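A.B. asks: missing the sequence, but the structure's below:
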């Protein structure tokens, strides 16, 4: 009989690439991970791993077993969700991941909704980049998370994570009012392709310094690729992950940047916002099979209410 915990280790090795990375993520020693994977190979009766230089890679049998592990662990999440649904009331810890702008827009409203409807629930929020959320969910560090992806940086398909869409919003070019760049009244031929549209809107900023998110984040990749699509390589001066800081730096004349719509209101004086043909999509992510868990479903519902209130014309407030 194959051990589920060892299947989990094999799946993590497939996702993370090295035994050391698996050990660090799951708080094991590397030798313990190697030992457990060796036991799994004996249980399977066929080689699952092979050495490739200093790395360990999965054999075809190992990759096939990972696909089955995904299905098994998905069903276990469904079972946990069903058992949780049989209990009376929703309570206990709920570990929530969020990207920075979601943390000061969507999350507060969602937590207020949860407090009103499920006072026994204990939400705990942790800021995390969307690119690291699936690792955090699989490792059990998070139960649910707000994530996003951008045009030019689509999300990588991940069978270990399920998602519920929340919001699609346009991105804005942010420039200083005295820079002479395109402003909100800028017009572009609607028949132009996206590359020529971006070139027309971003081109005047090609020689400016730029403010982007930190290296390794989806926001950083989006900014660089958008500028490249417009025909230039951005000269990055500042790297910050908080869009409010981006707006403040632009207002101080420190360069140009990008912000999504929900982070653009209200904007500081001396800042010009130009809507771009680029979009960011925000979603709620959780372990595959776990969507029916009462606490997860409660957070999805609360986040949906928070977004509806935030985007309603009468209810829209600060970002």
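C.D. replies: Arrived safely, thanks for sending. Keep in mind that this is a model prediction, so the values were computed, not measured.
A.B. asks: find the helix or strand that the closest residue to residue 68 other than its chain neighbours is a member of.
C.D. replies: Once flanking residues are discounted, residue 68 sits nearest to residue 7: 7.8 Å by C-beta to C-beta, 6 or more residues apart in numbering. Using the backbone N, CA and C atoms, a C-beta is placed for each residue, glycine as well. Assessed by DSSP states H and E, residue 7 sits inside helix 4-16.
A.B. asks: not counting its own residues, what contacts that helix?
C.D. replies: Here helix 4-16 makes contact (C-beta atoms under 8 Å, 6 or more residues apart in numbering) with 19, 22, 25-26, 33, 36-37, 39-40, 43, 48-49, 56, 58, 62-63, 65-66, 68-70, 72-73, 76, 134-135, 138-139, 160.
A.B. asks: same thing but 7 Å
C.D. replies: Defining contact as C-beta atoms under 7 Å, 6 or more residues apart in numbering, one finds that helix 4-16 is touched by 19, 22, 25-26, 33, 36-37, 39-40, 48, 56, 58, 62, 65-66, 69-70, 72-73, 76, 138.
A.B. asks: tell me how far the residue nearest to residue 68 lies from residue 140.
C.D. replies: 15 Å (C-beta to C-beta, to the nearest Å).
A.B. asks: between the two, which has more neighbouring residues?
C.D. replies: Between residue 7 and residue 140, residue 7 has the larger neighbour count (other C-beta atoms under 10 Å), namely 20 against 12.
A.B. asks: residue contacts, residue 166?
C.D. replies: Contacts of residue 166 by C-beta under 7 Å, 6+ apart are 282-284, 303-304, 307.
A.B. asks: got TSV for those, with pLDDT too?
C.D. replies: Compiled in TSV, the contacts of residue 166 are given as follows (pLDDT from 0 to 100):
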residue	pLDDT
282	96
283	97
284	98
303	98
304	97
307	95
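A.B. asks: in helices, which of those residues appear?
C.D. replies: Members of these lying in helices (criterion: DSSP state H): 303-304, 307.
A.B. asks: just the buried ones from the contacts of helix 4-16, in ChimeraX syntax?
C.D. replies: Remark: buried members of the contacts of helix 4-16, expressed as a ChimeraX selection using 16 or more other C-beta atoms under 10 Å:
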select :19,22,25,26,33,36,37,40,48,56,58,62,65,66,69,70,72,73,138
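A.B. asks: which ones among the contacts of helix 4-16 are found in helices?
C.D. replies: Judged by DSSP H, helices contain the following of the contacts of helix 4-16: 19, 22, 25-26, 33, 36-37, 39-40, 62, 65-66, 69-70, 72-73, 76, 138.
A.B. asks: let me know the closest of the ones in helices among the contacts of residue 166 to residue 177.
C.D. replies: Using C-beta to C-beta, residue 307 comes nearest to residue 177 of these, at 30.1 Å.
A.B. asks: and the closest one, what does it touch?
C.D. replies: Counting by C-beta under 7 Å, 6+ apart, residue 307 has contacts 106, 166-167.
A.B. asks: can you do 6 Å?
C.D. replies: For residue 307, the contacting residues are 166-167, by C-beta atoms under 6 Å, 6 or more residues apart in numbering.
A.B. asks: backbone torsions only: list them for residue 177.
C.D. replies: Backbone torsions for residue 177, taken as degrees, to the nearest 10, come to phi -60, psi -20.
A.B. asks: that one against residue 270, yeah?
C.D. replies: Yes - checked against C-beta atoms under 6 Å, the pair residue 177 and residue 270 is within contact range at 4.6 Å.
A.B. asks: joint contacts of these two?
C.D. replies: Going by C-beta under 6 Å, 6+ apart, no residue sits against residue 177 while also sitting against residue 270.
A.B. asks: what ranges do the helices span in the chain?
C.D. replies: 4-16, 19-26, 30-44, 60-86, 100-103, 106-117, 133-138, 194-202, 218-229, 243-251, 294-311.
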